[in-house]
Structures are given as structure tokens and as C-alpha cells.
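J.: Sequence and predicted structure, then a few things I'm wondering about:
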Amino acid sequence: DAKTTQPNSMESNEEEPVHLPCNHSTISGTDYIHWYRQLPSQGPEYVIHGLTSNVNNRMASLAIAEDRKSSTLILHRATLRDAAVYYCILTNYGGSQGNLIFGKGTKLSVKP
Amino acid sequence: SQTIHQWPATLVQPVGSPLSLECTVEGTSNPNLYWYRQAAGRGLQLLFYSVGIGQISSEVPQNLSASRPQDRQFILSSKKLLLSDSGFYLCAWSAGRDNQPQHFGDGTRLSIL
């Protein structure tokens, strides 16, 4: 699986936007970009995913660079509940298998 | 909407004792099901996945086994637990199509004494 690189940690103020970067310079043409987050003592939570076009859902937006070698998860207004470790993961598997390889992710702290 | 249930939330077991963790999914049919383990301070490790009843694939050789007796039920078992089996066990499901996201349960924190 192609690897991703994320900053170890980031800080944000409550109610401000947060841009979480992810580099994936070795991404292949069929790799999807997935974002998950994990709060302490909880299972990972799916946030968003995309292939080439930018994506929006109720939780966040995903901006994908034109060359697909990087992407940015955007939280439009950070809340204290958004404090978590955010993982950027590339997937390229068929419906029969899905090994999500979680790296170290970015630990997001949100200050009130 | 779909929900995933995993229990128990915490479990303390002596070395050599058996294990049975259960996971059920509601609101979907024929999901792919997964068992992961997360050791303290480390990433998730895929243990087993299943694409249908009775169909189990093992990713890591160990003293654990998995079974899928019903479409939306996934069970993780062991006959004799080892100290190294301690960890955070997570069940997940996904739709059976390419590159669909996985949805995780709340996990079971297993401590072996």
C-alpha cells in the first residue's frame, strides 16, 4: 500500500477552520484517499473519502490536489469534540478485502 | 441506518482462559466484516475479515480464530489466551463493494492477567 505522511500534531482554536494536510507522493491512479479519526478509548470513525474530485459531507471537506500527491481535510468550524487523532489512509482493494493501514496520524488539539 | 454492536466493552481474563467476543451489525445485509487489534500506542492490525457466512480469511497467524455463523454476526475466539493477546479489539463492517469505508464498533479492551 502507498504510504502517507502527516504532521504529528496540530492545534486549533474552537470555532476556527482547521486544515489537516496529508502527503501521498507515491499514490497510484486507483488509490482512494480515506480519512478516519479516533478519539481516546474509542474505535476509529470514518470521516470522508475521495478519488480525484473534492468531496464534502456533513463532517468535513476533502480537498485533493490536482496531481493527487497531497490532500487536505478541512474542518470548517472546529469544536472541542473534534479533538482526536486524524488518519489519512490510501486504499486500493476489492470488495473482498480491506486492510486499513493506520499510520501515526495527526493529533489535533482544540483550544476553547 | 446501520449500527454495529460489540461487547463486552472491557474484559479481564487470566492467561490460559478461553475468549469469545461478539460483534453484530444491524441495518445492512451481506456486509464485509473485520476484526482488528490495537496494541497500546500502536496502529490497528487486521486479524480477520469475512465476505460472507462461513467465509473467514486470516491475516496474521496466532492463537485466535474467527467465525461468522450468521450474515451479520462475527465472533472472535481463543481456546487459551496468552499475555500478548492483551489489547483493544475492534470490529468493523463495510459494504461489499470496492473502496467502501469501514465503520467501527466501540471496541473491547482486553487485559490478560
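T.: Received, thanks.
J.: When you work out contacts or count neighbours from here on, use the C-alpha atoms and nothing else.
T.: Noted.
J.: Report the contact partners of A:K69.
T.: A:N23, A:H24, A:S25, A:T26, A:I27 (C-alpha atoms under 8 Å, 6 or more residues apart in numbering or on different chains).
J.: Can you tell me the SS state at the residue nearest the centre of chain B?
T.: Nearest to the geometric centre of chain B sits B:W35, at 3.0 Å (C-alpha atoms, centre = their mean). Assigned with DSSP: H, G, I helix; E, B strand; the rest coil, B:W35 falls in the strand class.
J.: and it, what does it touch?
T.: If you count contacts by C-alpha under 8 Å, 6+ apart, then B:W35 has B:L46, B:L47, B:F48, B:Y49, B:L76, B:Y89, B:L90, B:C91, B:A92 around it.
J.: again, but for B:L21
T.: So B:L21 contacts B:Q6, B:W7, B:P8, B:I75, B:L76, B:S77, B:T108 (C-alpha under 8 Å, 6+ apart).
J.: which residue packs closest to the first one, ignoring adjacent ones?
T.: Translated: B:Q6. B:C23 (4.5 Å; C-alpha to C-alpha, 6 or more residues apart in numbering or on different chains).
J.: Just give me the neighbour total for the one you found.
T.: Counted with other C-alpha atoms under 10 Å in any protein chain shown, the neighbours of B:C23 add up to 24.
J.: circling back: ok, and of the contacts of B:W35, which contact chain A?
T.: B:L46, B:Y49, B:L90 (C-alpha under 8 Å from any C-alpha of the partner chain).
J.: got the phi/psi numbers for the nearest residue to B:P18 once chain neighbours are set aside?
T.: Closest residue to B:P18 apart from its sequence neighbours, by C-alpha to C-alpha, 6+ apart: B:K79 at 4.5 Å. Dihedral angles of B:K79 (phi, psi; degrees, to the nearest 10) stand at phi -80, psi -40.
J.: tally of neighbours for B:K79?
T.: Considering only other C-alpha under 10 Å, B:K79 is surrounded by 13 other residues.
J.: Follow the chain on from the helix or strand harbouring B:S57 and name the next helix or strand.
T.: Taking DSSP states H and E as the criterion, the element that holds B:S57 is strand B:55-58. With elements assigned by DSSP H and E, the helix or strand that comes after strand B:55-58 is strand B:64-70.
J.: picking up where we left off before, okay, and the beta partners of the residue nearest to the centre of chain B?
T.: B:F48, B:C91 (DSSP bridges).
J.: Give me every residue in chain B lying close to chain A.
T.: B:32, B:42-46, B:49-51, B:90, B:95-107.
J.: let's see 7 Å
T.: Taking C-alpha under 7 Å from any C-alpha of the partner chain as the contact definition, chain B meets chain A at B:43-44, B:46, B:51, B:90, B:96-99, B:101-107.
J.: Would you write a ChimeraX line that selects the buried entries of those?
T.: Restricted to buried positions by 16 or more other C-alpha atoms under 10 Å in any protein chain shown, the ChimeraX selection for the residues of chain B next to chain A reads:
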select /B:43,44,46,51,90,96,98,99,101,102,103,104,105,106,107
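J.: hang on, the earlier thing: go through the contacts of B:L21 and flag which are in helices.
T.: Among the contacts of B:L21, no member is found in helices (DSSP state H).
J.: out of these, which is most surrounded?
T.: B:T108 (23 neighbours).
J.: got a list of what the closest residue to that residue other than its chain neighbours touches?
T.: Leaving aside its sequence neighbours, B:T108 sits nearest to B:A9 (C-alpha to C-alpha, 6+ apart; 4.5 Å). Residues near B:A9 by C-alpha atoms under 7 Å, 6 or more residues apart in numbering or on different chains: B:G107, B:T108, B:R109.
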